[in-house]
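> following is a predicted model, sequence given first.
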Amino acid sequence: MITRRPPPDAMSAGVMVRTLASLLTRGEWIGTLCYIALSLGVALSGSVAALLLVPLVQPSLLGRGLFSMGGTDAQAIAFSVATVAFALMRWQSARLGAWLVGSLARTLRQRVHARLMGAPMASLANSPSAEIANVLTYNIEIIVPGYGALQQLLVAALTSVVTLAFAIWISPWLVLAVPVLVVAGVLVSRSFGREQSLVSRRYVRDLTDLFWHSEDFPRRLRHVRSFERESAEEASHHAVSCRLAQGYGRQLELIASSRLVLELMAALGVGAVFMLAHRWQGIDQGSLVAVCLLLVRLLPSLLLTRQSFQQWRSAVPAFELWQKYMQLGTTETAAPPLQVRGEVEVIYIDRVRVTPPAAGLTLLDIELKPGELTLISGRSGIGKTSLVDVLAGMAEPEVFLAHDRFGPIGLDDYRAHVRRGAYVGQQVRPWQRTVRECLLWAAPGATEQDLGNALRDVGLQMRLDASTDGWDTALDNASSRFSGGELQRLMLAQVILRKPRLAILDEATSALDTPSELSVLKAVKQRLPDTIVLVVSHRAGVADIADQHISIEDSLVQRSATHFAAAGRL
């Protein structure tokens with residue numbers, strides 16, 4: 001038996017609805033129920049106001065039943081009350097809907113950011129930074145209108161049900177037209193759907209490409225100019241911009257086309273219904289006018305329904321990108337603090353094997369001692385980053401055997417030892433606005449004296465003394481922009497204030513000249529007597545101040561330090 005699978009868009013839309021529903025808090029569910037109630041009230045009051053308008057427009061149509069409500073004054077008062085109720089409830093429902101949309105946007109951003117913060121480093125290895133930036137920023141701005149469209153679909157559905165109910169109550173024979181209207185609505189809602197889905201997916205991909213072109217623009221500009229490739233970069237950016245413009249324009253065209261189809265069908269359908277009703281015996285002119293007002297009032301809701309379907313389809317690809325990162329695994333729960341059997345001073349790593357590189361990297365007999373500096377050197381791509389990720393407790397090695405002076409320790413115990421850490425890489429730059437904010441981010445409880453000492457240790461105090469803003473100097477202003485070396489000094493000041501158990505400096509002094517690098521590393525080592533300091537560097541001069549040197553060359557690991565009399569074996 002062959003079963004037909006539902007279209008991918010339908011599956012994604014269903015998953016999207018369920019996921020969005022699962023994100024709502026209790027308060028948001030209550031707000032959603034209130035929104036539904038208000039929308040129902042809007043539909044009822046709007047329909048009543050339309051019906052009460054009939055005898056005001058043409059008193060001769062005032063007859064019995066619904067329209068016999070006293071004189072013109074009473075009719076006018078009733079119409080005004082119904083219209084005011086309609087306006088107030090619509091205003092309140094719009095406010096409540098806006099709150100629900102804003103709350104969802106906050107939740108989506110918080111959830112995906114929290115998932116990324118807890119994701120294993122290995123799971124992000126193949127994720128472009130531009131895509132991550134997109135999913136954290138503008139991508140949410142595409143999903144949220146989809147949720148707003150879902151609200152509008154709910155409003156349109158309630159309005160349609162209430163309006164048709166009133167119309168059928170006035171003229172029961174119109175019930176025969178309901179199936180026709182439903183079929184027409186379904187056909188129109190599905191028109192242009194596949195193309196809309198394709199256009200939306202391309203639009204999300206092109207936005208990611210645009211983020212890629214925009215990343216770290218000042219550095220990219222220097223690179224482009226040095227290669228004299230401005231024209232190529234402009235052409236590439238122009239191509240992305242054109243695709244985005246075409247995609248956005250095509251989405252609007254699809255909305256306009258589907259609206260035209262719906263308007264034509266509505267004009268023909270409503271006209272046919274009135275022609276039949278006029279010829280049907282027993283239907284008076286007052287009922288025809290009332291039904292006409294109701295159905296004409298329903299037309300904007302139908303047009304809004306089609307546009308909402310389009311927005312919903314546009315949101316699905318963006319939601320799929322959000323969900324991709326929400327499905328990332330999380331790092332294992334941090335191990336509880338190690339039950340220390342006395343003061344633990346030194347960690348001995350007997351054997352560790354890491355990948356990448358593809359062939360793997362194995363090290364033996366590494367001694368990590370607080371107050372000492374270990375240099376790790378080797379050519380690029382040999383596996384230094386994989387090694388320091390493991391030593392920082394951020395990645396899983398293939399093999400990990402270690403002990404302290406009390407006996408063997410597992411990986412979780414090792415992570416507990418080094419959990420209070422500090423990792424500074426070559427490409428990491430401060431993202432805070434001022435020097436003070438940058439330092440207090442690393443050490444919220446630091447005093448003014450602590451900040452001053454750290455800045456003097458890394459050689460930045462004189463630079464800031466010369467600034468009119470002092471520690472409140474902005475990091476990104478043209479008049480006070482910090483050089484690459486100064487930014488690295490600032491990051492090292494963060495390390496000093498942090499007072500970590502383990503500090504890993506992965507080419508964190510690459511922008512400094514050799515004398516400055518050695519001076520700053522000496523200051524870090526002196527200021528952190530209880531810290532294990534691991535330095536990744538290509539400069540041979542760092543070995544002169546290192547207590548241990550791990551030199552990685554192809555399949556051979558050589559060490560030269562006071563800890564070891566001879567090189568170990570693999």
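The structure has been received and is ready for your questions.
> so M394 sits right up against A122, yeah?
No. Counting by C-beta atoms under 8 Å, M394 does not reach A122; the two are 9.4 Å apart. To be clear about C-beta, it is placed using only N, CA and C from the backbone, and glycine gets the same treatment.
> OK, contacts around the most centrally placed residue in the chain?
In the chain, the residue lying closest to the centroid (C-alpha atoms, centre = their mean) is L136, at 2.5 Å. By C-beta atoms under 8 Å, 6 or more residues apart in numbering, L136 lies in contact with R109, V112, H113, L116.
> okay, it: pLDDT?
We have a pLDDT of 86 for L136.
> how far away is it from D350?
L136 sits 41 Å away from D350, going by C-beta to C-beta, to the nearest Å.
> which one of the contacts of L136 is nearest A256?
Set against A256, the nearest of the contacts of L136 by C-beta to C-beta is R109 (31.7 Å).
> how about that closest one: what's its closest non-neighbour residue?
I140 (5.6 Å; C-beta to C-beta, 6 or more residues apart in numbering).
> check the offset of whichever strand or helix holds the one you found from the chain's centre.
In the assignment (DSSP states H and E), I140 maps to helix 138-170. When C-alpha coordinates are averaged (C-alpha atoms, centre = their mean, to the nearest Å), helix 138-170 and its chain have centres 26 Å apart.
> just checking, what packs against it?
If contacts are counted by 3 or more C-beta pairs under 8 Å, 6 or more residues apart in numbering; DSSP states H and E, helix 138-170 sits against helix 8-23, helix 26-57, helix 72-117, helix 178-190, helix 193-214, helix 285-326.
> just the buried residues of that helix, please?
Buried residues in helix 138-170, counted by 16 or more other C-beta atoms under 10 Å: 139-140, 142-156, 158-160, 162-164, 166-168, 170.
> one step back: save the helices and strands packed on helix 138-170 as CSV, and put in mean pLDDT and distance to V388 too.
Listed next are the helices and strands packed on helix 138-170 as CSV, based on pLDDT from 0 to 100; distance: least, C-beta to C-beta, whole Å:
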stretch, mean pLDDT, distance to V388
helix 8-23, 70, 37
helix 26-57, 82, 43
helix 72-117, 86, 20
helix 178-190, 63, 54
helix 193-214, 78, 27
helix 285-326, 73, 25
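> dump the ones you listed to JSON lines, plus mean neighbour count and distance to L375.
Below are the helices and strands packed on helix 138-170 laid out as JSON lines (neighbours: other C-beta atoms under 10 Å; distance: least, C-beta to C-beta, whole Å):
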{"stretch": "helix 8-23", "mean neighbour count": "14", "distance to L375": "48"}
{"stretch": "helix 26-57", "mean neighbour count": "18", "distance to L375": "54"}
{"stretch": "helix 72-117", "mean neighbour count": "15", "distance to L375": "30"}
{"stretch": "helix 178-190", "mean neighbour count": "14", "distance to L375": "65"}
{"stretch": "helix 193-214", "mean neighbour count": "19", "distance to L375": "35"}
{"stretch": "helix 285-326", "mean neighbour count": "21", "distance to L375": "36"}
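> of those helices, give the one that comes closest to D544.
Among the helices and strands packed on helix 138-170, helix 72-117 comes nearest to D544, with 38.3 Å by C-beta to C-beta.
> tilt between that closest one and helix 138-170?
Using axes from the mean of the first three to the mean of the last three C-alpha atoms, to 10 degrees, the inter-axis angle of helix 72-117 relative to helix 138-170 is 150 degrees.
> next SSE after helix 72-117?
Downstream of helix 72-117, the next assigned helix or strand under DSSP H and E is helix 129-136.
> contact partners of stretch 89-104?
For stretch 89-104, contacts defined as C-beta under 8 Å, 6+ apart pick out 20, 23-24, 28, 31-32, 34-35, 38-39, 41-42, 45, 144, 147-148, 151, 155.
> mind putting the helices and strands packed on helix 138-170 into TSV with distance to F400?
Listed next are the helices and strands packed on helix 138-170 as TSV, based on distance: least, C-beta to C-beta, whole Å:
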stretch	distance to F400
helix 8-23	37
helix 26-57	44
helix 72-117	24
helix 178-190	56
helix 193-214	36
helix 285-326	28
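> among the ones you listed, which comes closest to G410?
With C-beta to C-beta as the criterion, G410 lies closest to helix 72-117 of the helices and strands packed on helix 138-170, at 24.8 Å.
> quick check: T374 is in a strand.
Yes. The assignment for T374 is a strand, going by DSSP: H, G, I helix; E, B strand; the rest coil.
> report the contact partners of it.
Applying C-beta under 8 Å, 6+ apart to T374 gives the contacts I366, L368, I532, V533, L534, V535, A546, D547, Q548, H549, I550, A561.
> so what's the closest residue to A105 other than its chain neighbours up against?
If you skip the residues right next to it in sequence, A105 has V144 as its closest partner in space, 4.7 Å away by C-beta to C-beta, 6+ apart. V144 is in contact with V101, L104, A105, L108, A315, counting by C-beta under 8 Å, 6+ apart.
> ok, V144 to A318 distance?
Per C-beta to C-beta, V144 is found 9 Å from A318.
> ok, F217 next?
The spacing between F217 and A318, counted by C-beta to C-beta, is 24 Å.
> same thing with L401?
Going from L401 to A318 by C-beta to C-beta gives 46 Å.
> got it, and L44?
With C-beta to C-beta as the criterion, L44 and A318 are 35 Å apart.
> for T509, grab phi and psi.
Dihedral pair for T509: phi -120, psi 20, per degrees, to the nearest 10.
> neighbours of it, just the number please.
T509 has 27 neighbours, counted by other C-beta atoms under 10 Å.
> quick one: contacts for it?
Shown in contact with T509 (C-beta under 8 Å, 6+ apart): Q488, L492, S516, E517, V520, L521, V535, S537.
> related to what we said a few turns ago, OK, contacts around the residue nearest to R109?
Residues near I140 by C-beta under 8 Å, 6+ apart: A105, L108, R109, A318, W322.
> S519 too?
With C-beta under 8 Å, 6+ apart, S519 has these contacts: G459.
> measure it to L154 for me?
66 Å.
> can you show me the strands along the stretch 301-450 of the chain?
Taking DSSP state E, counting those that start in this stretch, the strands of the stretch 301-450 of the chain run over residues 347-354, 361-368, 373-378, 399-404, 407-409, 421-425.
> for the fourth one, which strands pair with it and how are they oriented?
In this case it means strand 399-404. Using DSSP bridges, strand 399-404 pairs in its sheet with strand 347-354 (antiparallel), strand 407-409 (antiparallel).
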